[in-house]
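S.K.: with the input below, show me the fold.
(2 chains)
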Protein chains: 2
Amino acid sequence: MMKHIALDSRQLEAFAAVISIGSVTGAARTLGRSQSVVTRQIQDLEATLGFSLFDRNGPRIAPSERAMRFHAEVERYLTGLAMMGERIEAIRAGAPPAIDIAATPALASSLVPKALARLGEAALPRQIHLHSGSAEEVVRQIVGRTADLGVASLPLDHPGMETCWIGEAPCAAVLREDDPLAARPVVALKDLAGRRIIAMANPYRLQSRISAALAANGVEPGATINTNTSQAGVALVREGLGIAITEPVTAFADLPKGVTARPLDVAIDYLFGVVVPAGEPRSEVTRLLSEALRSVAEEQLPAIGFRAGRSEGPAG
Amino acid sequence: MMKHIALDSRQLEAFAAVISIGSVTGAARTLGRSQSVVTRQIQDLEATLGFSLFDRNGPRIAPSERAMRFHAEVERYLTGLAMMGERIEAIRAGAPPAIDIAATPALASSLVPKALARLGEAALPRQIHLHSGSAEEVVRQIVGRTADLGVASLPLDHPGMETCWIGEAPCAAVLREDDPLAARPVVALKDLAGRRIIAMANPYRLQSRISAALAANGVEPGATINTNTSQAGVALVREGLGIAITEPVTAFADLPKGVTARPLDVAIDYLFGVVVPAGEPRSEVTRLLSEALRSVAEEQLPAIGFRAGRSEGPAG
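M.R.: Got it, this is the predicted structure:
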C-alpha cells in the first residue's frame, strides 16, 4: 500500500501553471501571486512528494521526467476541482447543471456538436466541457467520475461504466474528388495495391483490422502513413498524400471541400457508443444527449446498426 | 530508487491487445496466439509487476485502475518498438528513414499535412507516423525520443529539446457566416458580451489569456463551452452553439463551409513552434520538414512573426 500524501491544491495549481507556461515569472503573473510565493509553493510540494520536480540551471528551470508524469495526474485533479466549483455555482443559481463530456477526437468534432445543438437552448447547460482524447482516456474519465458522459470507440466494457448504446457501422475509404477511384460507387480493397495508405495508429483497434483485411485480400500498400486521429488522416488526403481508411463518422459526416468518401467492398466494422459512470443517477441532460447522439448517428451513417448497452440487456 | 524490473515484450503485447480489444478471445485472435498462451502471458506479467491487472468476474474481465495507468506506459514502449522495426527495414532496404512526428491536434490537421505535401515524393519517407496529442505529450515524445520532430504550442522549453523556430500570431474569432458579427472586418471583444463563448480548456494557456482579455475589457459571456481542441471548437460554431476564440492556425487555414474567421481587436498571442530531440544529428527530412512548416505558417497566417529557437540564438 502507498502511504497517504496530503496535497495542497494551491501548490498543485502553482506546479501546473509553471509546467504549462514554462516559467515561474509567467506562472506567478497568471495566478496573481508573487514570484516568491510560487517558488515556495513548488518547494513545499517537492518536499511533500519526496522528489524534485524541476532541474534548475541558472535562471532557467526545466521539468524533470517525474514532473511530466506527475503533471498528467495533477491536470485530472484540477479539472475535477474546476468542475465542482462550476456545479456549486449552478446549484446556487438554480441553473441546469454543467455537463462534462469526454469523446474521441472524431466524435468530439462531429456527433457531439450536432447532438448538443439538437438539445435546444432551454435544455443546454450554461457550462459545457468537451474533452477530446483517446478511447482509453474517455474510459479513465468516466471511471474516475471527471466526465458525466463518454462517447468512444470500443472497448467500452469496464465495471465502473454503463453502456447506453453501441453503434456499429463499416469503415470507408476517404479520397480526393480528383482521385480516379472516386469515379466508382464502391472502392475495392484490391484497388489500393501500390497506393499510399493512411490508416489509424492504434495497433490493436482499427489498424489491426485494416491490416488483416488488406492481407486477406493480398493487397500490398505502396507506403503508409499512420495517424491516431481521423481529422489528421483526412487532412493528409486533402493534401494529396494518399487514401485513408477511416471510421464512418468522419467519412460520412464531416469532410472538407475536395474530399469525398466511398464504401469499401470489404466490411471493416467500427464500434462506438455512449457510456456513463455506473451506479449514478443519470441527469435529464445526460439522458437527452445520449438519445440525441443516437439519432444523429442514425441519420448520418449509412448501414449503421445498434446494440443495447450491457446496462439495458444482453450485449448480443 | 525503483528496483529494476525485466519486462517481456510479448507479455506487454498481450496486455495491450486485451486492454484495447476488451477480451482475451479477441486479443488472441488479433495476435495469432492461442487463448491459453495469452492468459498465461498476462498472468506472468502480473507476477512480474506484483499487482493484478484485471478484475475477473465470471467470463468477463475488466482492467484495474493500475492497469489503465500502466497501459499508457506500455503504449509508448510498443510504439517505440514498432518504429525501430520499421527503421531497421528502411536501413536494410537503403530507403529514406521513417519519420515520427508529434503535433498538437490543430497543427497535426493543418500545417503538418501541408508541409509533408511540399516535400515531394522523392523526399517523403515510405513510413510516416503522425501522432496528435497535447503539447505536454509532444514534449514527452521528443524528450523520450519516440518522435523525431514535434510541432506544438508553447511551452517549448526543456533541456532535452531543441527549438528550431517559434512562430507568434494573434488568436481570432471563429463564427458562422450568418452571424451578424461576420459582417464586420474585425470583431471587437466587447461585442461578445452576453454571447456563448467557446474557448480552449487548458487553464494555464490560451484559456487564461482569453479570460484575462475578456475581464480587462469588461466582457461577461452569456455561457461557455470549454474544449481542448480547436477542431471541436469549430464544429460547435458550425452547429450554431456560439463564437469560438481559437488559435490562428485553425481559424485561418482550415475552416469548414459556412464558418469564417475574423481578427480580434485585442491581441491574444498564440506561440507555437518546431522542436527536435537535443544533441542528436538532424536528418535531412527533419530539416526539410521544419523549413516547410515555417513556409506554410508564413503563407497561411496573417500577422505572423518568428523568433529563432534557443539552439540557433537568443530567444528574444
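S.K.: show me where chain A has its helices.
M.R.: For chain A, applying DSSP state H gives helices covering A:9-21, A:24-31, A:35-49, A:65-93, A:105-108, A:111-119, A:135-143, A:206-216, A:230-238, A:248-253, A:284-300.
S.K.: least confident secondary structure element in chain A?
M.R.: In chain A, no helix or strand scores lower on mean pLDDT, DSSP states H and E than helix A:65-93, which sits at a mean of 73.
S.K.: re the thing from before, tell me which of the helices of chain A approaches residue A:127 most closely.
M.R.: Counting by Cβ to Cβ, residue A:127 lies closest to helix A:65-93 out of those; the figure is 4.8 Å. Heads up, the C-betas are built off the backbone N, CA and C, glycines and all.
S.K.: average pLDDT for stretch A:190-206?
M.R.: Averaged over stretch A:190-206, pLDDT sits at 80.
S.K.: cool, and stretch A:300-309?
M.R.: 86.
S.K.: for residue A:160, grab the count of nearby residues.
M.R.: 17 (other Cβ atoms under 10 Å in any protein chain shown).
S.K.: and residue A:81, by the same measure?
M.R.: Counted with other Cβ under 10 Å, residue A:81 comes out at 13.
S.K.: hang on, isn't it packed against residue A:9?
M.R.: Yes. Judged on Cβ atoms under 8 Å, residue A:81 makes contact with residue A:9 at a distance of 6.4 Å.
S.K.: just to revisit the earlier point, let me have the helices of chain A in JSON lines, extended by distance to residue B:138.
M.R.: Shown next, in JSON lines, are these (distance: least, Cβ to Cβ, whole Å):
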{"stretch": "helix A:9-21", "distance to residue B:138": "13"}
{"stretch": "helix A:24-31", "distance to residue B:138": "19"}
{"stretch": "helix A:35-49", "distance to residue B:138": "23"}
{"stretch": "helix A:65-93", "distance to residue B:138": "11"}
{"stretch": "helix A:105-108", "distance to residue B:138": "15"}
{"stretch": "helix A:111-119", "distance to residue B:138": "24"}
{"stretch": "helix A:135-143", "distance to residue B:138": "16"}
{"stretch": "helix A:206-216", "distance to residue B:138": "21"}
{"stretch": "helix A:230-238", "distance to residue B:138": "13"}
{"stretch": "helix A:248-253", "distance to residue B:138": "22"}
{"stretch": "helix A:284-300", "distance to residue B:138": "30"}
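S.K.: rank the ones you listed by mean pLDDT and give me the bottom one.
M.R.: helix A:65-93 (a mean of 73).
S.K.: confidence score at the residue lying closest to residue A:54 once chain neighbours are set aside?
M.R.: Closest residue in space to residue A:54, ignoring its immediate chain neighbours: residue A:61 at 4.3 Å, by Cβ to Cβ, 6 or more residues apart in numbering or on different chains. Confidence at residue A:61, expressed as pLDDT, is 74.
S.K.: residue A:61 and residue B:152: what is the separation?
M.R.: 19 Å (Cβ to Cβ, to the nearest Å).
S.K.: and these two? Which one has more around it.
M.R.: Legend: neighbour count by other Cβ under 10 Å for residue A:61 and residue B:152, higher for residue B:152 (27 against 20).
S.K.: which residues touch that one?
M.R.: By Cβ atoms under 8 Å, 6 or more residues apart in numbering or on different chains, the residues touching residue B:152 are B:102, B:103, B:104, B:107, B:135, B:138, B:139, B:272, B:273, B:275.
S.K.: nearest spatial neighbour of the third one, chain-adjacent residues omitted?
M.R.: It refers to residue B:104. residue B:152 (5.0 Å).
S.K.: for the fourth one, same thing?
M.R.: Spatial nearest neighbour of residue B:107, chain neighbours left out: residue B:151 (4.6 Å); criterion: Cβ to Cβ, 6+ apart.
S.K.: now stretch A:32-49 - C-alpha only, PDB.
M.R.: Output in PDB follows, covering the C-alpha atoms of stretch A:32-49 (Å, rounded to 0.1, in the frame of the first residue of the first chain):
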ATOM      1  CA  GLY A  32      -1.900  36.700  -9.500                       C
ATOM      2  CA  ARG A  33       0.600  35.600  -6.900                       C
ATOM      3  CA  SER A  34       4.100  36.900  -6.200                       C
ATOM      4  CA  GLN A  35       7.100  35.000  -7.700                       C
ATOM      5  CA  SER A  36       8.500  34.200  -4.200                       C
ATOM      6  CA  VAL A  37       5.100  32.700  -3.200                       C
ATOM      7  CA  VAL A  38       5.100  30.400  -6.300                       C
ATOM      8  CA  THR A  39       8.700  29.400  -5.700                       C
ATOM      9  CA  ARG A  40       7.900  28.500  -2.100                       C
ATOM     10  CA  GLN A  41       4.800  26.600  -3.100                       C
ATOM     11  CA  ILE A  42       6.800  24.500  -5.600                       C
ATOM     12  CA  GLN A  43       9.500  23.800  -3.000                       C
ATOM     13  CA  ASP A  44       6.900  22.800  -0.400                       C
ATOM     14  CA  LEU A  45       5.300  20.500  -3.000                       C
ATOM     15  CA  GLU A  46       8.700  18.900  -3.700                       C
ATOM     16  CA  ALA A  47       9.200  18.300   0.000                       C
ATOM     17  CA  THR A  48       5.800  16.600   0.300                       C
ATOM     18  CA  LEU A  49       6.400  14.400  -2.700                       C
END
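S.K.: does it come close to chain B?
M.R.: No. Judged by Cβ under 8 Å from any Cβ of the partner chain, stretch A:32-49 and chain B are separated, with a smallest distance of 9.9 Å.
S.K.: mind listing what's buried in that stretch?
M.R.: A:33, A:38, A:39, A:41, A:42, A:45, A:46, A:49 (16 or more other Cβ atoms under 10 Å in any protein chain shown).
S.K.: ok, so of those, who is nearest residue A:93?
M.R.: Closest to residue A:93, out of all of the buried residues of stretch A:32-49 and judged by Cβ to Cβ, is residue A:33, at 28.6 Å.
S.K.: phi, psi for that closest one please.
M.R.: Backbone dihedrals for residue A:33, given as degrees, to the nearest 10, come out at phi -120, psi 160.
S.K.: quick one: contacts for it?
M.R.: Per Cβ under 8 Å, 6+ apart, neighbours of residue A:33: A:14, A:41.
S.K.: 7 Å - rerun?
M.R.: Residues counted as contacts of residue A:33 (Cβ atoms under 7 Å, 6 or more residues apart in numbering or on different chains): none.
S.K.: now swap in residue A:176 and tell me
M.R.: For residue A:176, the contact set (Cβ under 7 Å, 6+ apart) comprises A:182, A:237, A:238, A:240, A:258, A:259.
S.K.: tell me, how many residues neighbour the fifth one?
M.R.: Close neighbours of residue A:258, defined as other Cβ under 10 Å, add up to 11.
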